[in-house]
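Chemist: my questions are about this predicted structure, shown below with the sequence.
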Amino acid sequence: MNDSLEVEPSLSRYYVEQTQYYVIPFLITFGILGNSLSGYVILKTKLRQLSSSIYLLTLSSNDSVMLITIGIQWLSQNDIDLYNQPILCQVITYVSDLCASMTVWLIVVFTGERFMVVKYPLRAKFLCTVRRAQLIIIILFITMLIFYSPLLFIAGLEFSNHANRTVCKPKKEWHRVGVIFNSFDFILTCIIPVLIISVLNSIICQKVWKFTNLRRKMTDDFQMNNLTRGTHVVNHLSVKADKTSYKMTKMLLVVSTVCLCLILPSFIMRFIVHLNTLGLVIISDNFITAQLYVQFLYYLTFGINFALYCISGQNFRKAVSATFCKCRFRHNTRNTVTGTERTQYSSLSTHPTIFRNRKTMGVSDISI
């Protein structure tokens, strides 16, 4: 839960806020649309059979809920105040912090799975299953539900001298508890995930690089050596399976790295704000302006999933094409079949003898 900062706004901060006024609604709209398309593609194709896709499906749903909470907060700043209301204040704060933490830890989980795939490929076939992925998500969700439950008591409506109205912020009587909770929350959602993702991604990059060189060498050997057809087919299938896993690993590596780069500045700003809460740092208006820029990058994390999947995932692009071209193909097939039936009917009508013979045969068949 972020503490509110009360600093007199400058002209540059005003321009940034006006820019966000127009940009954030587009980000929310296209973000929710993209997350919905991602989920639809995963559910309608063979991607749903992959354990990694279960994490991506959950991530898309979670990010959509997060974008909705961002939209509610945006409306509250533009004369539709739903956030600064009793009960809604606590619920929205709880849900937004829960979703933010779930996003980070889902990235940690599927990064850990990709680490298992590249480091221990034989074990990964038994450990990285759809059922196990569903179990991990349920455990993670329940853990986050319990951990963030104190926010329902810490958050509340308090009068702000700067805004000259009642706003949703930490209650004064819960201030000490809020500071302690923010400290643990920062460690849980910032420090630990960033360290884990950074270390695992570095190892995955090394393994992917080695696999790329090995696959290139194996391909050259297949072309140089005179192999039997059966051996060639077996080796080709093995390389093809490894190549599919490699493509998924590369896509998730790009997703986790981009998300890490987008949320890391926000974590740094949050740490400075926490120091300000402890009275160790004084916040200036330039810092608030920079925080607005960083905040937009943080919001971008929840709305670019579909774009990242399409850019970095060849299999996902094929799934998108297969999903949205299937309807068009079915429509064209129906038209083709209908046209063929009409052609056959017209040809039969131009040959009455043949038509009568077929009709007679049909009657005799029924009689028998």
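Modeler: That came through fine.

Chemist: can you classify Glu158 as helix, strand or coil?
Modeler: The three-state assignment at Glu158 reads strand, by DSSP: H, G, I helix; E, B strand; the rest coil.

Chemist: my read: it touches Val167, true?
Modeler: Yes. Using Cβ atoms under 8 Å, Glu158 is in contact with Val167, at 6.7 Å. Quick note: C-beta positions are derived from backbone N, CA and C, even for glycine.

Chemist: and the pLDDT for Thr244?
Modeler: What the model reports as pLDDT for Thr244 is 64.

Chemist: if you could redo that for Met116, that was the one I meant.
Modeler: Reported pLDDT for Met116: 89.

Chemist: excluding chain neighbours, what is closest to it?
Modeler: Leaving out its chain neighbours, the residue that sits closest to Met116 by Cβ to Cβ, 6 or more residues apart in numbering is Ala124, at 4.6 Å.

Chemist: could you pull up the residues touching the one you found?
Modeler: Contact partners of Ala124, counting by Cβ atoms under 8 Å, 6 or more residues apart in numbering, are 113, 116-117.

Chemist: return the members of these classed as buried.
Modeler: Among the contacts of Ala124, the ones that count as buried by 16 or more other Cβ atoms under 10 Å are 113, 117.

Chemist: about what we covered before: ok, the residue nearest to Met116 to Ala319 distance?
Modeler: Distance, Ala124 to Ala319, using Cβ to Cβ, to the nearest Å: 22 Å.

Chemist: and Val118, by the same measure?
Modeler: 22 Å.

Chemist: Leu200 sits in which helix or strand?
Modeler: According to DSSP states H and E, Leu200 maps onto helix 192-224.

Chemist: can you pull out the helices in the stretch 101-250 of the chain?
Modeler: Secondary structure of the stretch 101-250 of the chain (DSSP state H, counting those that start in this stretch): helices at 121-127, 130-147, 151-154, 175-186, 192-224, 229-277.

Chemist: pLDDT below threshold where in the stretch 251-368 of the chain?
Modeler: 326-368 (pLDDT under 70).

Chemist: how about a cut-off of 90?
Modeler: Within the stretch 251-368 of the chain, the stretches with pLDDT under 90 are 251-254, 267, 269-293, 312-368.

Chemist: ok, back up a step: state the pLDDT value of the residue nearest to Met116.
Modeler: Value for Ala124, per-residue pLDDT: 82.
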